[in-house]
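S.K.: heads up, no residue letters with this:
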């Protein structure tokens, strides 16, 4: 990796632009950072684990008591006091108020920090310094959900005297299970339900509050936080954290190629594919996906009921070989939850659709993935039959869950595999858009295709909108687009790194493009000889770099002391040899940097 210092004159130019755009800026900010990067000690928590007592170094007042020690649970909460805390994976408001200990829950959810690849839980007690009070920081950093791979990042700060701060990463927009944010002294107090999406909130002397979700919806606060200020009578005044440094990636770089595609509906009412169809036309090394008039073929009396139980799988044998990108097969693995693959992905039990799992499966997969119960008495079943050159697998009026019991509204869909051409049709009948499952993550749908093995994530594609006017072409191999990332939040008076990656090794030069105006959606650059590329800012300053064969370049950026200022960054590279576009240039995604604490 080549590193280049940001030229002094360029930094001065950017700073001057910021000053001009802001005029006078108020600097009355809390001295504590919105997100504390000094994580402290890894607690090495495992699944369903609670730490030994951890000394705060100060007295923390809560619920009419003062505490000098806490215990930290892997599942996103702490208990107050040196003993008595218990690990609990089920975020339940009734448990919150009934347990015989005080608990503060920045994000109580079933987590698994000892899962392979998961992040960890950290603790840091920070003594008072200057005008800053003593405080303790507890951080759940990229911790996976139980039996999942979705990272969760959030932080709890306890301040000497009784103030609380909770901070949340944007990755809390993806949850596959129930969660709870709140606090209670426990010991049988009454519940106090609130909506943290409607800040500010005053609890009027009540130390207990909770916001709760049963179906894995996005957290009410993502990429932000909440200040809990003691109200002087035992309760809290809750306000949205302000003045924080934030970083947000948006748009997509070019030129990327993706071997997979999918649409992810995170809840049942969101699915909009009833009574539609699309075809995957086999091209020899990929598929061209188009809207279709293919009609549903109802199972005949000759169709075989696969007798699939809930969360089960079986193997079917085809009359002849089916070609697919990378090979051919005479068998298909069928799961009760709408997943077909060339071999088992060991995912029959997996009722919670997520893109991360889907794109990581080892076998070529076609999916209409949802938590379904084909053996319920109200379900028709899953059927297999072959008519001519078609191998047809049908979920015929199969129900899912309402709450955690079988529902009554069925879904009907089928896959049609043409063994002669290799084409695949996804054909949808009426889909259930009303039943809401409360099994962790079981309320979603994921529809798509992946060739097996780790695949790049091109993001969820709106199939209805995209196929109404165009097509989707899967790539022969994944090609990551030009990508710009920021190493850290742009906290004032710190230095962050802006890294341009996924460059071709023959790139001649590139530029970091800085501006103030955000274009989202981006401006289409097809007319400039860059089809598939977009401009995401007004390009007021350009900082050139010369990769000299490197495929990534990092530029340090000194964040000036202008809280609230916003800079939009984007990269571009020129490589006529690679010829990824007619012009020979490619552009990255956009990065929005908002300076703050």
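M.R.: That came through, no problem. Since this is a predicted model, take the numbers as computed values, not measurements. Numbering: from 1, shown residues only.
S.K.: what helices or strands is the host helix or strand of residue 158 leaning on?
M.R.: Using DSSP states H and E, residue 158 maps to strand 151-159. If contacts are counted by 3 or more Cβ pairs under 8 Å, 6 or more residues apart in numbering; DSSP states H and E, strand 151-159 sits against strand 54-62, strand 103-108, strand 135-144, strand 164-168. The C-beta positions use only the backbone N, C-alpha and C, and glycine is treated the same way.
S.K.: quick check: angle from the last one to strand 103-108?
M.R.: The one in question is strand 164-168. Per axes from the mean of the first three to the mean of the last three Cα atoms, to 10 degrees, the angle that strand 164-168 makes with strand 103-108 is 10 degrees.
S.K.: in the stretch 301-450 of the chain, where is pLDDT below threshold?
M.R.: 440 (pLDDT under 70).
S.K.: mind listing the helices for it?
M.R.: 355-360 (DSSP state H, counting those that start in this stretch).
S.K.: picking up where we left off before, for the strand holding residue 158, give the mean pLDDT please.
M.R.: Mean per-residue pLDDT for strand 151-159: 95.
S.K.: contacts for it?
M.R.: Identification of contacts with strand 151-159 by Cβ atoms under 8 Å, 6 or more residues apart in numbering yields 32, 35-36, 56, 60, 70, 76, 78, 104, 106-107, 109, 111, 118-119, 133-145, 164-169, 171-172, 175.
S.K.: hmm, back to that, for residue 471, find the nearest of the helices and strands packed on strand 151-159.
M.R.: Residue 471 sits nearest to strand 135-144 of all those, at 35.4 Å, using Cβ to Cβ.
S.K.: quick one: that closest one to chain centroid distance?
M.R.: Between the centre of strand 135-144 and the centre of its chain there are 18 Å (Cα atoms, centre = their mean, to the nearest Å).
S.K.: so what strands line up beside it?
M.R.: Strand 135-144 has the following strand partners under DSSP bridges: strand 120-126 (antiparallel), strand 151-159 (antiparallel).
S.K.: quick one: secondary structure of residue 464?
M.R.: For residue 464, the assignment made with DSSP: H, G, I helix; E, B strand; the rest coil gives helix.
S.K.: that one and residue 276 touch, don't they?
M.R.: Yes: the pair residue 464 / residue 276 is scored as a contact, 7.3 Å apart, by Cβ atoms under 8 Å.
S.K.: and these two? Which one has more around it.
M.R.: Counted by other Cβ atoms under 10 Å, residue 464 and residue 276 do not tie: residue 276 has more neighbours, with 18 against 14.
S.K.: so what's that one closest to, chain neighbours aside?
M.R.: In space, and not counting its chain neighbours, residue 276 is closest to residue 428: 5.3 Å by Cβ to Cβ, 6 or more residues apart in numbering.
S.K.: how many residues are close by that neighbour?
M.R.: Residues lying near residue 428 (other Cβ under 10 Å) number 20.
S.K.: ok, residue 350 - contacts?
M.R.: Taking Cβ under 8 Å, 6+ apart as the test, what residue 350 contacts is 147, 311, 337, 357.
S.K.: would TSV of those with distance to residue 580 and neighbour count be doable?
M.R.: Supplementary listing: these in TSV, determined by distance: Cβ to Cβ, whole Å; neighbours: other Cβ atoms under 10 Å:
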residue	distance to residue 580	neighbour count
147	39	17
311	44	16
337	38	29
357	31	19
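S.K.: between those residues, which is nearest residue 288?
M.R.: Closest approach between the contacts of residue 350 and residue 288, by Cβ to Cβ: residue 357, at 25.9 Å.
S.K.: isn't that closest one right next to residue 148, touching?
M.R.: Yes: taking Cβ under 8 Å as the contact criterion, residue 357 and residue 148 are neighbours in contact, 7.1 Å apart.
S.K.: what sits in contact with each of those two?
M.R.: By Cβ under 8 Å, 6+ apart, no residue touches both residue 357 and residue 148.
S.K.: tell me the contacts of residue 109?
M.R.: Residue 109 is in contact with 75-76, 91, 145, 152, 175, 177-180, counting by Cβ under 8 Å, 6+ apart.
S.K.: from those residues, which land in strands?
M.R.: 152, 179-180 (DSSP state E).
S.K.: tabulate those (JSON lines), appending neighbour count and distance to residue 326.
M.R.: As requested, the ones in strands among the contacts of residue 109 are exported to JSON lines (neighbours: other Cβ atoms under 10 Å; distance: Cβ to Cβ, whole Å):
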{"residue": "152", "neighbour count": "26", "distance to residue 326": "34"}
{"residue": "179", "neighbour count": "27", "distance to residue 326": "39"}
{"residue": "180", "neighbour count": "22", "distance to residue 326": "44"}
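S.K.: avg pLDDT for stretch 222-235?
M.R.: 92.
S.K.: neighbours of residue 423, how many?
M.R.: When neighbours are counted by other Cβ under 10 Å, residue 423 registers 22.
S.K.: what distance do you get for the closest residue to residue 524 other than its chain neighbours to residue 401?
M.R.: Nearest non-adjacent residue to residue 524, counting by Cβ to Cβ, 6+ apart: residue 534, 6.1 Å away. Separation of residue 534 from residue 401 (Cβ to Cβ, to the nearest Å): 41 Å.
S.K.: go on, residue 593?
M.R.: Taking Cβ to Cβ, one finds residue 593 at 43 Å from residue 401.
S.K.: residue 236 too?
M.R.: According to Cβ to Cβ, residue 236 and residue 401 sit 36 Å apart.
S.K.: for residue 410, which residues are in contact?
M.R.: Here residue 410 is in contact with 378-380, 397-399, 430, 432 (Cβ under 8 Å, 6+ apart).
S.K.: so residue 217 makes contact with residue 267?
M.R.: Yes: the criterion here is Cβ under 8 Å, and residue 217 meets it with residue 267 at 7.3 Å.
S.K.: any weak-confidence spans in the stretch 101-250 of the chain?
M.R.: In the predicted model, the stretch 101-250 of the chain carries pLDDT under 70 at residues 176.
S.K.: just give me the neighbour total for residue 497.
M.R.: 13.
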